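>>> predicted coordinates and the sequence they were generated for:
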Amino acid sequence: MFRKVHLYLTVLCAGITTAILIVMSLLYLYLSEKELYENQFRSFQNDINTIATSLEQQSVISMEWLSKMEARGGYAFYALDNGIPFLYNRLTSMSGSSEIRRLLDDCLEIYQNDYAYSYMLETDAANGSPYNTCVHSEFPFNPTGKKHEYHVSVIELNRGTSSLQLLVLSPLDFLREQIARQRIRFLLIDCAAILLLSLFSFFFTGKLLKPVIESRKKQTEFVAAASHELRTPLAVILSAAECCRDADVEKQTRFLDTIRQEGDILTNLVNDMLTLSASDSQRFSCHPAPVELDTLVINTYEAFEPLAAEKKLSLTITLPEESLPNCTADADRIVQLLSILLHNALSYTPEGGSIGLALSHKKNRFYLVVSDTGIGISPEDKKKIFDRFYRAEKSRSAKGHFGLGLSVAAEIVKLHHGSISVADRPGGGSVFTVMLP
Ligand code: ADP
């Protein structure tokens, strides 16, 4: 399922970034090509201005000069002297070819239709006569309908009754090549970028999904472990209830006691599970208020003393001699935390052992310490005992212990922005230290 979601997110992320990249590239190409074309047209117009000015100043137009100008700009000139072709260069010599002839005719036709008339009007309005003038006009010319084929200029030089028409054809092959090269370069860059973006999206979405996958895995493990733990007490309750039916009164009382005991165990387990579930969904209630921690520790000590005595364990309490400031904490949660630690100490300390409960205060921090002379915890187990449902192998037999106590303790400490740690007690046993800010 997550593999599918991962792929879907990768495609979505890569698709969106690719679409943005393509749109931006196309926009850039459009603007850049437009600018290239406009620059080219402007430079062509400048050249034509220079040519027209020179033409105007020359009394006799030499073929040598025309050839030189033609070669310099990479242009093709076609000259008509009083409407008669002026044979001097390759274009005019090729003009016999029907294709070139048609091209030139088309050019002149466009000029006559779209530009010549307006010039006549302009020159008429300015001078009252079109004579002794040099006018020129530039326009794009795309005979095959493709984009950017030629820039054309028609220069008309009128001197009295004689007129010279110079058609300047500027092929735009190099501009088209430049544009094509730029497009190919962009295509390659975009392909590489799309590949990199896809890889990035794959790893990025993988990273995003990791916590979700982990949380899902933990949830599944939690449900599996919870079902497993619920099975044993339920089986005992069911078999005790079954036996109860045919048993005599004395035995019935024993079976009912068992059912009651297992029911209590189940209640504790379900309570712990509900606490952890509330903590996971941020519903774990905590009502911090100023608390006298020493009073709270004494009360807990007094509650556990009879239990310790019953198990033939000595329970001692150590409190600081000076009076302590109040600690801002949820009193009920702190009692719950101490109960978990003391319950564990009582469960994992053999008869005759001793358990210590201590409170100290240093640098604005409170330290609650529960130590015992019990079985101790191996270094590997120390890393895992705060995990849900984790129980060290040797203690699996402990009844009513499901490996949730320390997880709940850790959640309570987290809620108070404190810390909890475990260490070996010199001489054997364990020491649990809770720090509350
Ligand atoms: P449980 O309800 O099983 O005690 P906890 O989460 O409280 O669950 O503890 C997890 C495991 O840590 C226990 O199963 C036990 O193996 C180990 N442990 C906890 N406290 C002690 C202790 N005081 N001494 C030795 N082992 C302990």
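That came in fine, so what should we check first?
>>> what's the burial count for the residue in the stretch 1-150 of the chain that the ligand sits nearest to?
Residue nearest to the ligand within the stretch 1-150 of the chain (C-beta to the nearest ligand atom): Phe2, separated by 29.4 Å. All C-beta spots, glycine's among them, are computed from the backbone N, C-alpha and C. Phe2 has 13 neighbouring residues, counting by other C-beta atoms under 10 Å.
>>> now the residue lying closest to it once chain neighbours are set aside: how far from the ligand?
Spatial nearest neighbour of Phe2, chain neighbours left out: Ile213 (5.4 Å); criterion: C-beta to C-beta, 6 or more residues apart in numbering. Distance from Ile213 to the ligand, counting by C-beta to the nearest ligand atom, to the nearest Å: 25 Å.
>>> next: Ser360.
Here Ser360 is placed at a distance of 19 Å from the ligand (C-beta to the nearest ligand atom).
>>> check which helix or strand covers that residue.
Using DSSP states H and E, Ser360 sits within strand 354-362.
>>> list the buried residues of that strand.
Under the neighbour-count criterion of 16 or more other C-beta atoms under 10 Å, strand 354-362 has Ser354, Ile355, Gly356, Leu357, Ala358, Leu359, His361 buried.
>>> what's the mean pLDDT across the helix or strand harbouring the residue nearest to Phe2?
Following DSSP H and E, one finds Ile213 within helix 173-246. In this model, helix 173-246 carries a mean pLDDT of 89.
>>> enumerate the residues of this structure near the ligand.
Counting by C-beta under 6 Å from any ligand atom, the positions of the chain adjacent to the ligand are 340, 344-345, 348, 372, 374-375, 377, 385, 390-392, 395, 401-407, 430.
>>> tell me where the stretch 51-200 of the chain has helices.
63-73, 90-94, 98-110, 117-127, 173-246 (DSSP state H, counting those that start in this stretch).
>>> how about the buried residues of strand 354-362, which pair is most distant?
Largest separation among the buried residues of strand 354-362 by C-beta to C-beta: Ser354 and His361, giving 23.7 Å.
>>> pLDDT weak spots in the protein?
For the chain, the stretches with pLDDT under 70 are 87-98, 116-132, 393-399.
>>> next SSE downstream of the helix or strand hosting Ala303?
Taking DSSP H and E as the definition, one finds Ala303 inside helix 293-310. Using DSSP H and E, the helix or strand that follows helix 293-310 towards the C-terminus is strand 314-318.
>>> tell me the buried residues in that following strand?
Leu315, Ile317.
>>> pull out the buried residues from the helix or strand just after it.
Downstream of strand 314-318, the next assigned helix or strand under DSSP H and E is strand 327-329. Neighbour-count burial for strand 327-329, with 16+ other C-beta under 10 Å as criterion, is recorded at Cys327, Ala329.
>>> direction included, what does strand 327-329 pair up with?
strand 289-291 (antiparallel) (DSSP bridges).
>>> in the partner strand, what counts as buried?
Residues Val291 are the ones in strand 289-291 that count as buried (16+ other C-beta under 10 Å).
>>> show me what that strand is in contact with.
Asn326, Cys327, Thr328, Ala329, Asp330, Ala331, Ile334 (C-beta atoms under 8 Å, 6 or more residues apart in numbering).
>>> now do 6 Å
Around strand 289-291, the neighbours that count as contacts under C-beta atoms under 6 Å, 6 or more residues apart in numbering are Asn326, Cys327, Thr328, Ala329, Ala331.
>>> any chance of those in CSV, with distance to Phe284 too?
Shown next, in CSV, are the contacts of strand 289-291 (distance: C-beta to C-beta, whole Å):
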residue, distance to Phe284
Asn326, 23
Cys327, 19
Thr328, 17
Ala329, 14
Ala331, 16
